[in-house]
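Chemist: Got a predicted structure plus its sequence, pasted below:
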Amino acid sequence: MGWVVLMFSAPLAGIADTGDDLGMPSGPVILTVSGNIKHTNVGSEAQFDREMLEALPQHSFETSTPWTEGSSHYRGPLMRDLLTRLGAQSDSVHVAALNGYEAEIPVSDFEQYDVMLALQKDQKAIPIREYGPLWVLYPFDHDEALLSEKIRFRAVWQVMHIDVR
């Protein structure tokens, strides 16, 4: 009898291991991550709704940007935390926006700076017309090196897809 139980439970062992389970989006998918990632939830991709992104460790900072007036408070997960959660292995990511803009960002930026996937601006969800719903945002006011044109081109707003290359 023990062998029968073992035989039927062995194929389910992988299913029961949910330590790396991302869960499934229950709301509209606002971010898809593909490429060289270990943890997925829909085929070979990781799809996130807002609630799933808010469940990641949150970080915040205040900064001005080259595209907005004054300084604002932004909140969201750090890009390095998102990539770690997905088991990403890469030197760069390719980020695509709703408006067709694309940028290649070295992962070293995420290690050197607190680059955020901003979900909120001044404690409110960021609307599409104001660079949302997701914005790869650098803490521009925290380091003069971030004020370069090269870095500005990496601060992608209206993010919809990240490909880990």
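Modeler: Thanks, I have the structure now.
Chemist: ok, which stretches of this structure are strands?
Modeler: 29-35, 46-49, 59-64, 71-76, 92-97, 102-106, 116-118, 120-121, 124-125, 135-137, 159-164 (DSSP state E).
Chemist: Dump these to a markdown table, plus distance to L147, mean pLDDT and mean neighbour count.
Modeler: Just so you know, the C-beta spots here come from the backbone N, C-alpha and C atoms, and that holds for glycine as well. Putting the strands of the chain into a markdown table (distance: least, CB to CB, whole Å; pLDDT from 0 to 100; neighbours: other CB atoms under 10 Å) gives the following:
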| stretch | distance to L147 | mean pLDDT | mean neighbour count |
| --- | --- | --- | --- |
| strand 29-35 | 27 | 98 | 19 |
| strand 46-49 | 30 | 98 | 22 |
| strand 59-64 | 10 | 98 | 15 |
| strand 71-76 | 14 | 98 | 18 |
| strand 92-97 | 20 | 98 | 19 |
| strand 102-106 | 17 | 98 | 15 |
| strand 116-118 | 17 | 98 | 26 |
| strand 120-121 | 20 | 98 | 20 |
| strand 124-125 | 26 | 98 | 12 |
| strand 135-137 | 14 | 98 | 24 |
| strand 159-164 | 21 | 98 | 20 |
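Chemist: bridging residues for A46?
Modeler: Following DSSP bridges, A46 is listed with bridge partners V33.
Chemist: picking that back up, out of the strands of the chain, the one nearest S148 is which?
Modeler: strand 102-106 (13.6 Å; CB to CB).
Chemist: Which strands border that closest one, and is each parallel or antiparallel?
Modeler: In its sheet, and by DSSP bridges, strand 102-106 pairs with strand 92-97 (antiparallel).
Chemist: now the angle from the strand it pairs with to strand 29-35?
Modeler: 150 degrees (axes from the mean of the first three to the mean of the last three CA atoms, to 10 degrees).
Chemist: out of the strands of the chain, nearest to G23?
Modeler: Here strand 46-49 is closest among the strands of the chain (CB to CB), at 9.3 Å.
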